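> Coordinates only, no sequence provided:
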């Protein structure tokens, strides 16, 4: 496929960002990773990605950051016609109940990862969410069998009448 | 819609093909034949180069024939000495021809079977007698896959069976060649199994559609009598080949398939509909109710009972029906404009013997469908074979039914590359095999397939048909 599907990581603390990106290494070959230190920078990155004809499949976002907080950024993303398809995951230790409710109701948050995370847990969530994304967008599942959840992708092919020709 | 260079080249070649016959006066070909030739060129270019999806080309083919060649079209409003135009309903009517309705029935059954997990539960039951030895497990997987793909789409069957073998793969050694054998046995068995029944795979529909235009009806059961013995031999050969080529190291393998049959009211209705329809299909020769009429049973029964809902109907693979209908309709004008006969007449066929003709048709069909859609291959080759047989230029013994079967069956024997069939593509996508593994095994199956088809065409099919 010509359109690239990006993973966007938004995190203000450099070490945390590095750790996240490191743990996502195995996805990089299929889903290029972009990072941003703040909501403001993230918006610019998002704009650039879509302007180049590409798209975002998954956003991993911290909550407490200088400037606009993570939940508000995700809500803004959700209101955008083009960008709201991206799967949204909060990676945070500090989002209160109120913020979390906000994120679920208004940003259609797909998953919440509490810091500190484990590599296995992160990979599992990212795999599941990107699999959801590929199926929701009706992209050809065969290209992602080796990296995402192959059983679910096969099940999708079985039930969605991908046929002989 | 944005076009890339490859698409633009494909579109241009097609358009050039469409108009080219208008610039040359081909001797012995009617004016209408020139138009039909142009449409044939366009269809062949678009189906082979795929600048558009193949089902879109099929509808275009129907449309072009309606506006250019039908009685209601621009060019031939009146009959001429050379050409009596068909009514436009002949072309659009292919969308509801008996073979299309037969496929519709098959789709509805398969759809409901998947919805209620009948395919998976049957697999569980049918696999259990095959034990734990790798060799017999592979055989079991192939038998079940072939059986299911005879009634469901080869692709959906492959997707389901891959979910059965993935857990096995996780338990056997990373370097055990059994992994390759397992990954290949599913798509290969699905490709071969599709041959077994008229509804197994679309190329069969093309064969049956073309024959019915010639007034020849092939009952469901008769097709199975013709095709199933060939499927069995091809399956056994492929099993043997895969076991020898990729010798398993593991001593025994476990398949844990837990689960139980869905026993809800709807599921029971489905089981009854499935069994009754298949029973009536295979016994067509005894009660002589046509299989397309029987195909309405599941459609009526499952929609009345709500087992198949409006949403399910919307999700049926309608594009496959368009594809087949486009192919059938192309055959109509190739015949009525005299194009098919003209093409056939321009080659000196009598210099070939019957056997070499059969080998050529089988070989070309396998070769083409390795690179093209199996249905497109059958669609493009069958009109030629039909006119070759009906015109009699190929001599006695060149039987219409047999040569059509040769093409249709051979089209399903192509499994050399990931692009050869969707089941191959699925197997490849799991990453357990290399293209070279597939090519090595697929070429052997293809060559064996050609030999097998020719042997059946010479000895077995004439015996059954006479």
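Looks like it arrived, so ask away. Note that this is a predicted model, so its numbers are computed, not measured.

> what packs against the host helix or strand of residue B:225?
Applying DSSP states H and E as the criterion places residue B:225 in helix B:220-245. Applying 3 or more CB pairs under 8 Å, 6 or more residues apart in numbering or on different chains; DSSP states H and E, one finds that helix B:220-245 makes contact with helix B:134-149, helix B:178-193, helix B:265-282, helix B:284-287, helix B:400-411, helix B:435-455, helix B:461-465. For every residue, glycine as well, the C-beta is placed using N, CA and C.

> looking at the ones you listed, which has the lowest confidence?
Mean pLDDT per stretch puts helix B:284-287 lowest among the helices and strands packed on helix B:220-245, at a mean of 88.

> List the buried residues of the helix or strand following that helix.
Using DSSP H and E, the helix or strand that directly follows helix B:284-287 along the chain is helix B:291-294. In terms of neighbour count (16 or more other CB atoms under 10 Å in any protein chain shown), helix B:291-294 has its buried residues at B:291, B:292, B:294.

> I'd like to know which of the helices and strands packed on helix B:220-245 lies nearest to residue A:158.
Counting by CB to CB, residue A:158 lies closest to helix B:134-149 out of these; the figure is 10.9 Å.

> Contacts for the helix or strand of chain B with the lowest mean pLDDT, please.
In chain B, no helix or strand scores lower on mean pLDDT, DSSP states H and E than helix B:339-345, which sits at a mean of 83. Residues outside helix B:339-345 that contact it (CB atoms under 8 Å, 6 or more residues apart in numbering or on different chains): B:26, B:28-29, B:33, B:36-37, B:40, B:331, B:333-335, B:383-384, B:386-388, B:391, B:393.

> Of those residues, which qualify as buried by neighbour count?
B:29, B:33, B:36-37, B:40, B:331, B:333-335, B:383-384, B:386-388, B:393.

> biggest separation within the residues you listed, which pair?
Across the buried ones among the contacts of helix B:339-345 (CB to CB), the longest gap, 20.8 Å, separates B:333 and B:393.

> Adding mean neighbour count and distance to residue B:243, write the helices and strands packed on helix B:220-245 out as JSON lines.
Shown next, in JSON lines, are these (neighbours: other CB atoms under 10 Å in any protein chain shown; distance: least, CB to CB, whole Å):
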{"stretch": "helix B:134-149", "mean neighbour count": "23", "distance to residue B:243": "5"}
{"stretch": "helix B:178-193", "mean neighbour count": "29", "distance to residue B:243": "7"}
{"stretch": "helix B:265-282", "mean neighbour count": "17", "distance to residue B:243": "31"}
{"stretch": "helix B:284-287", "mean neighbour count": "13", "distance to residue B:243": "37"}
{"stretch": "helix B:400-411", "mean neighbour count": "27", "distance to residue B:243": "24"}
{"stretch": "helix B:435-455", "mean neighbour count": "19", "distance to residue B:243": "11"}
{"stretch": "helix B:461-465", "mean neighbour count": "14", "distance to residue B:243": "29"}
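
> closest to residue B:93 out of these?
helix B:400-411 (21.0 Å).

> angle of that closest one against helix B:178-193?
Angle, helix B:400-411 to helix B:178-193, by axes from the mean of the first three to the mean of the last three CA atoms, to 10 degrees: 160 degrees.

> With respect to residue B:121, which of the helices and strands packed on helix B:220-245 lies nearest?
helix B:265-282 (9.6 Å).

> The helix or strand hosting residue B:112 versus helix B:134-149: what angle between them?
Taking DSSP H and E as the definition, one finds residue B:112 inside helix B:98-115. If you take the same axes, to 10 degrees, helix B:98-115 sits at 130 degrees to helix B:134-149.

> Against which helices or strands is helix B:98-115 packed?
By 3+ CB pairs under 8 Å, 6+ apart, helix B:98-115 packs against helix A:150-159, helix B:154-171, helix B:202-213, helix B:265-282, helix B:291-294, helix B:296-304, helix B:310-314, helix B:318-336.

> how far does the fifth one sit from the chain's center?
Spelled out, it's helix B:291-294. 19 Å (CA atoms, centre = their mean, to the nearest Å).

> Which elements pack onto that helix?
Taking 3+ CB pairs under 8 Å, 6+ apart as the contact cut, helix B:291-294 packs with helix B:98-115, helix B:265-282.

> quick one: secondary structure of the residue nearest the centre of chain A?
The residue lying closest to the centre of chain A (CA atoms, centre = their mean) is residue A:58, at 1.5 Å. With DSSP: H, G, I helix; E, B strand; the rest coil as the basis, residue A:58 sits in strand.

> show me what contacts it?
Taking CB under 8 Å, 6+ apart, one finds A:7, A:8, A:31, A:86, A:87, A:88, A:89, A:126, A:129, A:130, A:133 in contact with residue A:58.

> can you tell me which of these lies nearest to chain B?
Closest approach to chain B among those (CB to the nearest CB): residue A:130, at 15.6 Å.

> What is the burial count for the closest one?
Residue A:130 has 22 neighbours, counted by other CB atoms under 10 Å in any protein chain shown.

> Surely residue A:141 and residue A:132 touch.
No. Proximity of residue A:141 to residue A:132 does not meet the contact threshold set by CB atoms under 8 Å, at 11.7 Å.

> More neighbours: the two, which one.
residue A:141 (24 against 18).

> Now do the contacts for the more buried one.
A:134, A:135, A:153, A:154, A:156, A:157.

> tally of neighbours for the nearest residue to it once chain neighbours are set aside?
Spatially, and ignoring its direct neighbours in sequence, residue A:141 is nearest to residue A:153 (4.0 Å; CB to CB, 6 or more residues apart in numbering or on different chains). Residue A:153 is flanked by 25 other residues according to other CB under 10 Å.
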